[in-house]
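[1] Return a 3D structure for these sequence lines:
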Amino acid sequence: MPLYLKKAPTKSFTDTAQSDVAARVGTIIDDIRGNGDEAVRRYAAQFDRWEQPFRLDDEHVAEIMASLDPQVIDDIRFVQDQVRRFAQAQRDSLVDIEVETLPGVHLGQKHVPVQAAGAYIPGGKYPLTASAHMTIITAKVAGVPRVVACTPPIRGEIPAATVAAMKLAGADEIYILGGVQAVTAMAVGTETIAPVNLIAGPGNAYVAEAKRQLFGEVGIDLFAGPTEILIVADDDADPFLTAVDLLSQAEHGPESPAVLITTSQQLGERVMQIVDELLPGMSTRDYAEPAWRDWGQVIVVDDIDEAYALADSFAFEHVQVFTREPREALTKMHDYGALFLGENTCVSYGDKVIGTNHVLPTLGAARYTGGLWVGKYLRTVTYQEIVDPASSALLGEVCGRAARVELFEGHARSGDARAWRHGGASFAWIDESAGAGAR
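    Sure, this is the predicted structure:
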């Protein structure tokens, strides 16, 4: 049995859909659906202290970008180059196909981008410029012609670096708009914001609930909860790096789980000591401390295989592997949002600079889905064409028999008609019909 040096409750998917949150979100959605821009302006003033125009024109965006340190712009461009490079490699891996399954029977598949996407870039306490890279660049590489980007003001001010990132990423429309009102406006449309087909991007519990309630009317990337980190470590791991990396994700919010699974009790105890030493000096202690206190775990197991199996049971968003052979995790683990292999790699790189997408599944969703990627903005559609009459006749005969097994007489007759027209087959219902002589 695992030894828990520190234990915490585990979160469930329903934790992000508390009845009070769901009811409040539903009220806001209904209000915006019925009252459009007027309701959006009301909620923006109430929640974000924002009473200025939502949309930023090109001139205003240029002024905002000019106010930034050139190094900030250079760094945004560098990171976006990494994101774009990986996203393009993903897109290049998706090829259209066409095969001939029978003589003259052509079946094809195409990857077609959605025509409009909404990118939600959170604000709140932090200006999350990286989320602009992840949602907008990925959509543009996929070929989405219209990308609408929304981000809230921070303490009543425009987050300049986030706006620069949105513009440089290729957003077609930029709005200073946050929360449920932003997601709803993009999903259902208002007098000034045309609706989109898919919404992507992380957010708080209210944003997640809005996406949940609007799903179906609009596509979404995934349901998201608090950020999660899990580190698998053996006795070769560095306790200082382990502690630092656990806290790096705990600072996302007071409900962000940070878990260490290790084969070394000595390592686990030392990591806990270092965390306690580091926390008082963190500027983000108000989030990191309760996250570690209430949701942090340190678990000791007998061997590395048990560590991987236990890690899989968490199905966490981020999994770092600090072991002698970190690439073993590629075959021994299955349920995770993203793997970070070796101590030279950390989740913060994935969040900010390395190029893979940081919009990832949480709350166990990694059991059935991956994170945001180019393919999320694409619809895989099929087409079919038969140019050989003999093949149409053959398929018609089989279709007729197969459909009648399921009692679908209309389907059967569509097949019969081709078998009769192209193969000379005889069917009583055709012989008796007025159209029997029509060819």
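
[2] so how many other residues sit close to the residue lying closest to L341 once chain neighbours are set aside?
    Using C-beta to C-beta, 6 or more residues apart in numbering and skipping residues adjacent in sequence, the residue nearest L341 is P326, 4.0 Å away. (Glycine included, C-beta is placed from N, CA and C.) Number of residues near P326 (other C-beta atoms under 10 Å) recorded here: 19.

[3] what's near enough to touch the residue lying closest to S67 once chain neighbours are set aside?
    Of all residues not flanking S67 in the chain, A160 sits nearest, at 5.8 Å (C-beta to C-beta, 6+ apart). Contacts for A160 (C-beta atoms under 8 Å, 6 or more residues apart in numbering) come out as 64-65, 67-68.

[4] swap the cut-off to 6 Å and go again
    The contact partners of A160, by C-beta atoms under 6 Å, 6 or more residues apart in numbering, come to 64, 67-68.

[5] Now tabulate those in a markdown table and tack on secondary structure and pLDDT.
    Converted to a markdown table, the contacts of A160 look like this (DSSP: H, G, I helix; E, B strand; the rest coil; pLDDT from 0 to 100):
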| residue | secondary structure | pLDDT |
| --- | --- | --- |
| I64 | helix | 97 |
| S67 | coil | 97 |
| L68 | coil | 97 |
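
[6] Redo those residues as JSON lines? Include distance to E306 and neighbour count.
    Shown next, in JSON lines, are these (distance: C-beta to C-beta, whole Å; neighbours: other C-beta atoms under 10 Å):
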{"residue": "I64", "distance to E306": "52", "neighbour count": "19"}
{"residue": "S67", "distance to E306": "53", "neighbour count": "13"}
{"residue": "L68", "distance to E306": "49", "neighbour count": "14"}
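
[7] now, among those residues, which is nearest to R404?
    Of all those, I64 has the smallest distance to R404: 66.7 Å, by C-beta to C-beta.

[8] Pull up the gap between the closest one and G225, please.
    Counting by C-beta to C-beta, to the nearest Å, the gap from I64 to G225 is 32 Å.

[9] Which helix or which strand is home to E98?
    Using DSSP states H and E, E98 sits within strand 97-102.

[10] Give the pairing partners of the next helix or strand after that strand; include direction for each.
    Going down the chain from strand 97-102, the next helix or strand is strand 105-113, by DSSP H and E. Applying DSSP bridges, strand 105-113 is found paired with strand 97-102 (antiparallel), strand 378-386 (antiparallel).

[11] Strand 105-113: what's the following helix or strand?
    strand 116-120.

[12] just checking, what packs against that next one?
    strand 146-151, strand 198-200 (3 or more C-beta pairs under 6 Å, 6 or more residues apart in numbering; DSSP states H and E).

[13] Give me the angle between the first one and strand 116-120.
    For the pair strand 146-151 and strand 116-120, the angle between their directions (axes from the mean of the first three to the mean of the last three C-alpha atoms, to 10 degrees) equals 20 degrees.

[14] Can you give me the buried ones in strand 146-151?
    146-151 (16 or more other C-beta atoms under 10 Å).

[15] Among those residues, find me the one that's closest to A258.
    T151 (26.6 Å).

[16] Quick check: nearest residue in space to that closest one, chain neighbours excluded?
    In space, T151 is closest to I121, 4.1 Å off (C-beta to C-beta, 6+ apart).

[17] pretty sure that neighbour is touching A130, no?
    No. I121 lies out of contact with A130 (C-beta atoms under 6 Å); the separation is 8.9 Å.

[18] And these two? Which one has more around it.
    The neighbour comparison of I121 against A130 (other C-beta under 10 Å) goes to I121, with 31 against 23.
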